[in-house]
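A.B. asks: Output the structure for:
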Amino acid sequence: MQECGATQNFFIRELQYHDYEDLFAMWSDKRITDLTATDDGMTLEGAKHRVRNQVDNPFFKNYVACNDTRVVGFSYLMLHSAHKRRHIASFTVLVHADYQGKGIGKALTLHTIREAESDTSIEIIELDVFKDNQSAVNLYLSTGFEIEGILRNRTKRNGVAQDLYIMSRPCTTGS
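C.D. replies: Numbering: from 1, shown residues only. Predicted coordinates:
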């Protein structure tokens, strides 16, 4: 187990089918959906379907952070299937609202970066993040991502158009 904050221990492993209930709890939490581009209205059956699709899809590399009782964080790389973008992987990380600020997001981010760097086909990791989600922006900056630009009015939160930063970082061992 990795040490997480003063009192939280956790470990990181690959996503498994049975994790869908814990992920559903995160994906349906308004404290999460208001800070991320996670779709509102996720159902338990939808979460089960999404997890199954991501576990079975060779273009996804999925990881979860777990404490002794449940999944408390989730990250993935989505490898692009289009020939001209195969050197790029899109990245997402999400931490349960009750466990934010304890180092889980950073640990998952660093773990996922290491996994990307072990794949010689990945040269760039990219992500998008709400421009006003400063804690997430700071996390990404601290792990080597740079802001490349702003996607204006790209997604809506509570019916209001929001700007996203597009961020990326190179993979040091990509080809």
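A.B. asks: From now on I want contacts and neighbour counts done on CA atoms only, so please keep to that.
C.D. replies: Will do.
A.B. asks: where does the chain dip in pLDDT?
C.D. replies: 1-8, 37-40, 173-175 (pLDDT under 70).
A.B. asks: Helices of that one, start to end?
C.D. replies: 20-27, 30-33, 44-56, 104-117, 134-142 (DSSP state H).
A.B. asks: I'd like the ones you listed written out as TSV, with distance to residue 64 added.
C.D. replies: Below are these laid out as TSV (distance: least, Cα to Cα, whole Å):
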stretch	distance to residue 64
helix 20-27	9
helix 30-33	16
helix 44-56	12
helix 104-117	8
helix 134-142	17
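A.B. asks: can you redo these as CSV with mean neighbour count and distance to residue 126?
C.D. replies: As requested, the helices of the chain are arranged in CSV below (neighbours: other Cα atoms under 10 Å; distance: least, Cα to Cα, whole Å):
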stretch, mean neighbour count, distance to residue 126
helix 20-27, 21, 21
helix 30-33, 15, 20
helix 44-56, 16, 18
helix 104-117, 21, 11
helix 134-142, 15, 10
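A.B. asks: Minimum distance to residue 67: which of those helices has it?
C.D. replies: Checking the helices of the chain against residue 67 by Cα to Cα gives helix 104-117 as the closest, at 10.3 Å.
A.B. asks: In terms of secondary structure, what does the closest one contact?
C.D. replies: Where contact means 3 or more Cα pairs under 8 Å, 6 or more residues apart in numbering; DSSP states H and E, helix 104-117 is packed against strand 60-66, strand 71-79, strand 88-95.
A.B. asks: distance between that helix and the chain's centre?
C.D. replies: In terms of Cα atoms, centre = their mean, to the nearest Å, the centre of helix 104-117 is found 10 Å from the chain centre.
A.B. asks: now the angle from that helix to helix 134-142?
C.D. replies: 40 degrees (axes from the mean of the first three to the mean of the last three Cα atoms, to 10 degrees).
A.B. asks: Return the angle between stretch directions for helix 104-117 and strand 88-95.
C.D. replies: 160 degrees.
A.B. asks: quick one, helix 104-117 and strand 60-66 angle?
C.D. replies: Using the same axes, to 10 degrees, helix 104-117 lies at 150 degrees relative to strand 60-66.
A.B. asks: CA-only coordinates of helix 104-117 in CSV, if you can.
C.D. replies: Provided in CSV are the C-alpha atoms of helix 104-117 (Å, rounded to 0.1, in the frame of the first residue of the first chain):
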residue,chain,number,x,y,z
ILE,A,104,-4.6,10.0,-4.5
GLY,A,105,-5.1,12.1,-7.6
LYS,A,106,-1.3,12.8,-7.8
ALA,A,107,-0.5,9.1,-7.2
LEU,A,108,-2.9,8.0,-9.9
THR,A,109,-1.6,10.6,-12.3
LEU,A,110,2.0,9.6,-11.8
HIS,A,111,1.2,5.9,-12.1
THR,A,112,-0.7,6.5,-15.3
ILE,A,113,2.2,8.6,-16.7
ARG,A,114,4.6,5.8,-15.9
GLU,A,115,2.3,3.3,-17.6
ALA,A,116,2.1,5.5,-20.7
GLU,A,117,5.9,5.9,-20.8
